[in-house]
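Colleague: Can you look at this prediction? I've put the sequence above it.
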Amino acid sequence: MSESHAPPTSTMPEKTPLDALHRALGARMTPFAGYELPLHYPAGVVAEHSHTREKASLFDVSHMGQSILGGRGAAERIESLVPAAIADLHTERTRYSQLLAEDGGVLDDLMITRLPGRDERLLLIVNAAAKQQDFALLRQQLPQLGLSVLSGRALIALQGPRAAAALATVLQELDLESMPFMGWRAAEFRGAGLFVSRSGYTGEDGFEISVPNHLAEPLAEALLAHPDVAPAGLAARDSLRLEAGLCLYGHDLDATTDPVEAGLAWSIGKRRREQGGFPGYERIRAALEHGPARLRVGLLPAGRAPLREGAALAAPDGRIIGRITSGGYSPTLSRPIAMGYVESGFATPGVTLESRLRDKPVAVEVTSLPFVPHRFFRGPAGKDRS
């Protein structure tokens, strides 16, 4: 899950608990979703991107919204807002889903974790630019439940093939070998409670760690002390998620887009497909049964220059049949890549379309996603089949 640049909610961007550390490490800071965050560090975007693919990188994602939704029937009740199967989600497991508008458009995407304990509680991680509207929606639509916003916690993402080895040196009591992708565990650091999820938005193995604000910097410094860990900023996070074919909210996902055309039908549980009970069910069921009118696809522009969001895509006869929603340069593939929506009849890999860059035609080949294969950890605990 990721989000777009958005206008700040005030004249001055907010700072995360890691702000001083970013500046000490020489980060170039930039406004993002109402916060000031590192765009990149002195090593540069390509170096940070490659380091994540080869070793492990630390990202500050404290701008994301963290909350706990609790009360009797919380998992069943949230299904009235999302298409994922949450009522049968196992304890300490996480699912990706979307908050839907009445017509099935995506208001935001989010991670939902069922927490352990006698009381029914769900940990929700939502996008920064939409978190206030998300929290308001949850309170309005689910008034019988309690929503606690975790404003006193930072969020750190440790991503890359050596992330587990690095984290194990800091959180030695955590059994990472038995922790599968989309698994969740409680841990301790300097006597305080952490929430650790095996997830991320780079396509690599990795973790997102929720930590009290006052311990965010000590935890980050402890992780960065590992020889395989280096800091990385927003630019590398974006190029990594684009290579992984993952949606960026506000670009590849918005209120005009439903989950099926976005290529997210896998996130809609079988029971939910059959029974419905979520906003926009008729639209989504029709798209599942008959196919959507358009689809999100991977795109390979010819040449060396990237095509950016908003660029039109034309069929051989010149008719506009789609647009690019995310585009950039892939350090792993050493070429420009993009994602966008095209009419379903043109969504077959190998189809050639045309776009324009500075008024010059550019051939664009439709391709499957992801551009770079995912390397999520699949451990002994296996896949959550609930």
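Modeller: Okay, I see it. Residues are numbered from 1 along each chain as shown.
Colleague: From residue 298, how far off is the residue lying farthest from the centre of the chain?
Modeller: Taking C-alpha atoms, centre = their mean, the residue of the chain most remote from its mean C-alpha position is residue 317, at 36.2 Å. Separation of residue 317 from residue 298 (C-beta to C-beta, to the nearest Å): 23 Å. For every residue, glycine as well, the C-beta is placed using N, CA and C.
Colleague: Which residue ranges of this structure form helices?
Modeller: In the chain, the helices defined using DSSP state H lie at 19-24, 45-54, 74-78, 131-141, 163-170, 213-224, 234-243, 270-275, 281-290.
Colleague: contacting residues around residue 62?
Modeller: 16, 17, 18, 35, 154, 155, 156, 216 (C-beta atoms under 8 Å, 6 or more residues apart in numbering).
Colleague: try 6 Å
Modeller: 16, 154, 155 (C-beta atoms under 6 Å, 6 or more residues apart in numbering).
Colleague: Closest one of the residues you listed to residue 112?
Modeller: The shortest approach to residue 112 among those belongs to residue 155, at 15.4 Å (C-beta to C-beta).
Colleague: surely that closest one meets residue 210?
Modeller: Yes: at 5.4 Å, residue 155 and residue 210 qualify as touching, with contact defined as C-beta atoms under 6 Å.
Colleague: Neighbour count for these two, which is higher?
Modeller: A count of neighbours by other C-beta atoms under 10 Å puts residue 155 above the other of residue 155 and residue 210, at 24 against 21.
Colleague: Enumerate residues external to the longest strand belonging to the chain that contact any of its residues.
Modeller: Secondary structure of the chain per DSSP state E: the longest strand is strand 320-330. Here strand 320-330 makes contact (C-beta under 6 Å, 6+ apart) with 239, 242-243, 248, 251-252, 306-309, 311-315, 336-343, 346.
Colleague: Next, the angle from that strand to helix 234-243.
Modeller: 130 degrees (axes from the mean of the first three to the mean of the last three C-alpha atoms, to 10 degrees).
Colleague: Strand 320-330: which residues count as buried?
Modeller: 321, 322, 324, 325, 326, 327, 328, 329, 330 (16 or more other C-beta atoms under 10 Å).
Colleague: Also stretch 101-111?
Modeller: Neighbour count says stretch 101-111 has 101, 104, 105, 106, 107, 108, 109, 110, 111 buried, by 16+ other C-beta under 10 Å.
Colleague: The second one and residue 283 touch, don't they?
Modeller: Yes: using C-beta under 6 Å as the test, residue 104 is close enough to residue 283 to be in contact (4.1 Å).
Colleague: Please give the centre-to-centre distance between stretch 228-238 and its chain.
Modeller: Stretch 228-238 sits 15 Å away from the centroid of its parent chain (C-alpha atoms, centre = their mean, to the nearest Å).
Colleague: Can I get it as CSV, trimmed to CA atoms?
Modeller: Provided in CSV are the C-alpha atoms of stretch 228-238 (Å, rounded to 0.1, in the frame of the first residue of the first chain):
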residue,chain,number,x,y,z
ASP,A,228,23.6,-4.4,5.4
VAL,A,229,21.2,-1.6,6.2
ALA,A,230,21.1,1.9,4.6
PRO,A,231,18.5,4.7,4.6
ALA,A,232,16.3,5.2,1.5
GLY,A,233,13.8,7.9,0.6
LEU,A,234,10.5,8.4,-1.2
ALA,A,235,12.0,8.3,-4.7
ALA,A,236,13.4,4.8,-4.3
ARG,A,237,10.2,3.6,-2.6
ASP,A,238,8.3,4.8,-5.7
